[in-house]
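> would you be able to build a 3D model of this:
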Amino acid sequence: MTGTTTATTERLTLAKALNHGMRRALENDPKVLLMGEDIGQLGGVFRVTDGLQKDFGPDRVVDTPLAESGIVGTAVGLAMRGYRPVCEIQFDGFVFPAFDQITTQLAKVHYRSRGRISLPVVIRIPYGGGIGAVEHHSESPEVLFAHTAGLRVVSPATPSDAFTMIQEAIASPDPVIFLEPKGRYWDKGDVDTSLTTGGGLDGARVAREGTDVTVVAYGPTVATALRAAEAAAAEGTSIEVVDLRSISPMDTATVAASVRRTGRCVVVHEAPVSYGSGAELAARITEECFYHLEAPVLRVGGFHTPYPVARLEHDYLPSLDRVLDAVDRALAH
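Sure thing, here's the model as predicted:
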C-alpha cells in the first residue's frame, strides 16, 4: 500500500528515515505528539527528531523533564484522552525508571478494562552497541519487554523499514516498544517516501535467499548476518538471512519455512544469549522443525556480563567471525 500513486525514492540514513516517518504521522493525524528529553530544540541526542519542533511547535514536539517514569505516565493519560503519544527514551539503559509504568500500566490497561480502553503509545528506544559508549548507553533490553504480554516489540534493520514501521507503530491501537539500532542510525538505504505501510509490524522477511543454513537476526545484527552471507558465498556456502523485524509477536512461520528448506538455523542478536529472544526462537524452531533439523539450533550473541567498556565492545558484540564460526559448526553436524 502507498500513500500516493507515484513512488518517490530517496537515499536516507536510518535516522533520517525515522524523522521522515514521524513527520508524515504528525502531518496526517493532529492527535499524534512526540515527547522526550531534548527532542525539541536539540532534535534529540542522535538528531532523529531534528526540525520537527520548529515545524510543528512545542505543543506537539514536547521537551520533557529528565524523568522517564513521568514521560510514560503522562503518555498513558494522554492516550486515554484520545492522543497518540510517541515517547523517546534517550538511551536504552535509561528506560528502567519507566519499566514499572510500561509493564504494569501501559501493557495491561487494555486487558484490565476488558478491551474498552486502548493505549496507542509508542516508546522509541535507541538500543544496542557499536557507538563506543559505556553501560546504560549500549544495552539490549528487548527480551524484558517481549516477556510482558500486551506489548508489541519491534526493531527495523533498514531505512526503508524504519520509515514504514514507525508510521505503522504510531497507527497501531496497541502499545509498541520501538527499538532503534543506534549503531545503524547512519547506515543509508533507498526509501520509497510515498509509502505509508510496508510489511506490517508482525511479519519477518527473507533478506537474502539461501539453501544451506538459515541465519535469523533483527535490528543491528541483520547487517552482520548479510555480511556473513557474502563471505560464506565466496567459500561456497549458501546462507539464507531472515530479518525477524518483530520480536513480539514472533513470526515463527516464516522462520520455520526457511529452516525446513535449509535444515539448519543460527540465531544472532546483540543481547546476552542467556535467557534471550534467541532462546525462545530456538525452542519454537525445535518444536516446529524437529524432523527437518540436521543440527541443533545455535545462538550467537552477547555474553552474560554487564556491557563492557568501549574498547572491549567489539569482543562482546556478535562479529562476522563469530557468526561464520556458528555456521561452520552447524554444517559440521
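
> CA atoms for contacts and neighbours, from now on please.
Fine.

> ok, R152 to G302 distance?
23 Å (C-alpha to C-alpha, to the nearest Å).

> likewise for L34?
From L34 to G302 the distance is 32 Å (C-alpha to C-alpha).

> likewise for R11?
Taking C-alpha to C-alpha, one finds R11 at 32 Å from G302.

> and these two? which has more neighbours close in?
Ranked by neighbour count (other C-alpha atoms under 10 Å), R11 and G302 place G302 first, with 23 against 15.

> surely that one and S277 touch.
No: the pair G302 / S277 is not scored as a contact, 11.9 Å apart, by C-alpha atoms under 8 Å.

> hey, where'd the helices end up in this structure?
Listed in chain order, the helices of the chain (DSSP state H) span 14-28, 52-56, 68-80, 99-100, 109-112, 142-146, 159-171, 221-234, 252-262, 277-289, 313-316, 320-332.

> who's in contact with the third one?
Under the contact criterion C-alpha atoms under 8 Å, 6 or more residues apart in numbering, helix 68-80 has outside partners 35-36, 64, 84-87, 89, 94-95, 97-102, 105-106, 117-121.

> what does stretch 310-320 contact?
Residues outside stretch 310-320 that contact it (C-alpha under 8 Å, 6+ apart): 129-130, 132-134, 221, 224-225, 227-228, 268-270, 300-303, 307-308.

> can you give me the mean pLDDT across stretch 93-101?
The average pLDDT within stretch 93-101 is 97.

> whoops, stretch 323-332 was the one
98.

> mind listing what's buried in it?
Within stretch 323-332, the residues scored as buried using 16 or more other C-alpha atoms under 10 Å are V323, L324, A326, V327, A330, L331.

> now those residues in JSON lines, with distance to A171?
Formatted as JSON lines, the buried residues of stretch 323-332 follow (distance: C-alpha to C-alpha, whole Å):
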{"residue": "V323", "distance to A171": "36"}
{"residue": "L324", "distance to A171": "39"}
{"residue": "A326", "distance to A171": "39"}
{"residue": "V327", "distance to A171": "39"}
{"residue": "A330", "distance to A171": "41"}
{"residue": "L331", "distance to A171": "43"}
